[in-house]
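[1] got a predicted model here, sequence first, then my questions.
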Amino acid sequence: MDVIMFSGQGAQKAGMGKAFYDEFAVARQTFEEASDALGMDVAKLCFEDADKQLALTQFAQPALVTAGIAMYRAYEQEGGRPGLLMGLSLGEYTALAAADVLSFADTVKLVHKRGLLMAEFAKPGGMVAVMNLCDESIEELCKSAKDVGFVAAANFNTPEQVVISGEKAALDFCVDKVKNVYKGKALPLKVAGPFHTPLMDVAAAKLKDEAAGIAISSANLPIISNVTADVLTYEDLAEHMSKHMISPVCWDTSVMKAIDMKGKRFIEMGVGETLVNFVKKIDDSVETFALTVESLK
């Protein structure tokens with residue numbers, strides 16, 4: 001069974017999706033739909049990014065969703081048979097559009113608004129990827145910074161990589177301790193705030209209000225949610241989206257759930273091979289590849 005994985009924020013770069021745009025009419029149509037929904041030239045944004053807008057959350061999010069759906073539609077058109085969907089953080093919204101839970105137009109408008117809310121209401125802070133520390137050590141590390149500021153685990157990417165998120169002083173404290181006490185590695189990420197923590201609570205509440213009125217349909221495929229590492233249900237999707245913004249991303253256990261559900265081939269649809277590499281570190285026995293025009297043909 002094919003498991004489709006969609007990229008999260010941070011993967012974006014100029015040129016993303018262009019090869020599919022050039023090759024497939026359905027991809028060009030996808031970019032046109034996004035442009036009509038947002039009132040901006042999304043193809044120009046993704047392919048040229050002359051004004052460096054992809055560095056801004058409110059533009060990066062709809063751009064990534066558009067590129068992911070363009071690739072997904074080309075994959076389906078060429079005979080691909082998806083069995084399960086998942087996405088890293090923002091990528092869960094791309095999965096919702098792919099499963100027809102949300103219309104594509106509603107999705108790009110919602111994530112554009114989500115990006116604006118995250119940029120406006122995120123408390124000051126950032127995120128740091130920590131390598132080669134176990135989950136217990138990460139928990140201990142975050143607790144040790146409590147007198148300096150708030151920090152918490154935000155992304156459980158692989159057994160060897162956890163992203164922590166929080167206030168700058170606490171992050172600086174943790175980076176120093178990772179290097180000098182745990183003898184591990186810490187890499188600050190280029191993000192605009194302490195995402196996937198309670199420090200995003202104001203933005204999360206406002207997103208819930210934004211999402212409350214959006215039409216929801218029955219999913220045509222199951223989606224593994226980052227929040228629960230289980231199949232997503234839709235009884236209160238707006239509440240889930242709010243919780244998603246302030247909760248850790250459980251990517252490693254989500255991948256294991258997909259494998260338990262007989263996922264055999266994990267296909268990344270987005271930019272680069274970040275998710276492919278994560279899956280390999282979680283279980284190197286499954287087949288993985290990042291979709292390109294050449295691999296699709």
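    Yes, it's here. Numbers count the residues shown, from 1 in each chain.
[2] can you map out the strands along the stretch 1-150 of the chain?
    For the stretch 1-150 of the chain, the strands defined by DSSP state E, counting those that start in this stretch cover 2-6, 82-87, 126-131.
[3] pairing partners for the shortest one, with directions?
    What it means is strand 2-6. Paired strands of strand 2-6, with direction, are strand 82-87 (parallel), strand 265-269 (parallel) (DSSP bridges).
[4] want to try TSV for the ones you listed, with distance to residue 290 as columns?
    Backbone N, C-alpha and C define where each C-beta goes, glycine included. Formatted as TSV, the strands paired with strand 2-6 follow (distance: least, CB to CB, whole Å):
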stretch	distance to residue 290
strand 82-87	14
strand 265-269	4
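[5] quick one, which of those is nearest to residue 235?
    For residue 235, the closest of the strands paired with strand 2-6 is strand 82-87, at 18.6 Å, according to CB to CB.
[6] pLDDT on the closest one, on average?
    Strand 82-87 shows an average pLDDT of 98 in the prediction.
[7] contact partners of that strand?
    1-8, 68, 72, 75-76, 92-95, 98-99, 221-224, 226, 254-255, 258, 261-263 (CB atoms under 8 Å, 6 or more residues apart in numbering).
[8] just the buried ones from those residues, in PyMOL syntax?
    A single PyMOL command is used to select the members of the contacts of strand 82-87 judged buried by 16 or more other CB atoms under 10 Å:
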select buried, resi 2+3+4+5+6+7+8+68+72+75+92+93+94+95+98+99+222+223+224+226+254+255+258+263
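[9] what comes up buried for stretch 164-172?
    Neighbour count says stretch 164-172 has 164-167, 170-172 buried, by 16+ other CB under 10 Å.
[10] pick the one among those residues closest to residue 53.
    residue 165 (23.8 Å).
[11] which element is the closest residue to that closest one other than its chain neighbours on?
    Of all residues not flanking residue 165 in the chain, residue 154 sits nearest, at 3.6 Å (CB to CB, 6 or more residues apart in numbering). Element membership for residue 154 (DSSP states H and E) is strand 151-158.
[12] contacts for that strand?
    89, 127, 129, 135, 138-139, 142, 145, 162-167, 170-171, 173-174, 194-198, 248-253, 278, 281-282.
[13] could you list every helix and strand in contact with the helix or strand just after it?
    Heading C-terminal from strand 151-158, the first helix or strand you meet, by DSSP H and E, is strand 161-166. Where contact means 3 or more CB pairs under 8 Å, 6 or more residues apart in numbering; DSSP states H and E, strand 161-166 is packed against strand 126-131, helix 135-144, strand 151-158, helix 168-180.
[14] how far is the helix or strand containing residue 243 from where the chain is centred?
    For residue 243, the host element (DSSP H and E) is helix 237-246. The chain centroid and the centroid of helix 237-246 are separated by 14 Å under CA atoms, centre = their mean, to the nearest Å.
[15] quick check: mean pLDDT across it?
    When pLDDT is averaged over helix 237-246, the result is 96.
[16] go on, stretch 272-281?
    Across stretch 272-281, the average pLDDT comes to 96.
[17] buried stuff in that stretch?
    For stretch 272-281, a neighbour-count test (16+ other CB under 10 Å) marks 274-279 as buried.
[18] sort out for me which of those residues are in helices.
    Applying DSSP state H to the buried residues of stretch 272-281, the entries found in helices are 274-279.
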